[in-house]
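A.B. asks: Sequence first, then the predicted structure, then my questions.
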Amino acid sequence: MSVAAFVIATFTAPQELGTNPQSIFMLLPLTAAIAVIYKATKLPTITAGNFIKETATLFGSIVVFIAITALTLYALAWLITE
């Protein structure tokens, strides 16, 4: 079996993440990639300092939004089930 066939075969089954609170940490690499790619395409001029600052700001705002949304949904689920 070639390496390419092995890599393609790994995408045939979904990755099991679970439903525990620690599974939210699986979003961090995806969030970082989104922030880097978005800022690389949207900044008019890219300098190292400006790019890192803008990317870190976007990454932080996305993580805060995810946390606020998760807490809101958790509180709403708690209110409905009580």
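C.D. replies: That came through fine.
A.B. asks: May I have the secondary structure class of the closest residue to residue 27 other than its chain neighbours?
C.D. replies: Distances taken as CB to CB, 6 or more residues apart in numbering put residue 66 closest to residue 27, at 6.5 Å, once the chain neighbours are dropped. For the C-beta atoms, the positions are set from N, CA and C on the backbone; glycine is no exception. Secondary structure of residue 66, reduced to three states by DSSP: H, G, I helix; E, B strand; the rest coil: helix.
A.B. asks: In contact with residue 66, which residues?
C.D. replies: With contacts taken as CB atoms under 8 Å, 6 or more residues apart in numbering, residue 66 has the following neighbours: 24, 27, 31.
A.B. asks: Give the next helix or strand downstream of the one helix or strand in the chain whose mean pLDDT sits lowest.
C.D. replies: Ranking every helix and strand in the chain by mean pLDDT, DSSP states H and E puts helix 3-9 at the bottom, with a mean of 80. Sequence order places helix 27-42 as the next helix or strand after helix 3-9, per DSSP states H and E.
A.B. asks: which helices and strands does that following helix pack with?
C.D. replies: helix 48-81 (3 or more CB pairs under 8 Å, 6 or more residues apart in numbering; DSSP states H and E).
A.B. asks: Return the set of buried residues in the helix it packs on.
C.D. replies: Buried residues in helix 48-81, counting neighbours by 16 or more other CB atoms under 10 Å, are found at 54-55, 58-59, 62-63.
A.B. asks: Rebuild those residues as CSV, extending it with distance to residue 16.
C.D. replies: Formatted as CSV, the entries for these read as follows, by distance: CB to CB, whole Å:
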residue, distance to residue 16
54, 35
55, 30
58, 29
59, 26
62, 24
63, 23
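A.B. asks: so where is the chain shaky, pLDDT-wise?
C.D. replies: Scanning the chain for pLDDT under 70 picks out 1.
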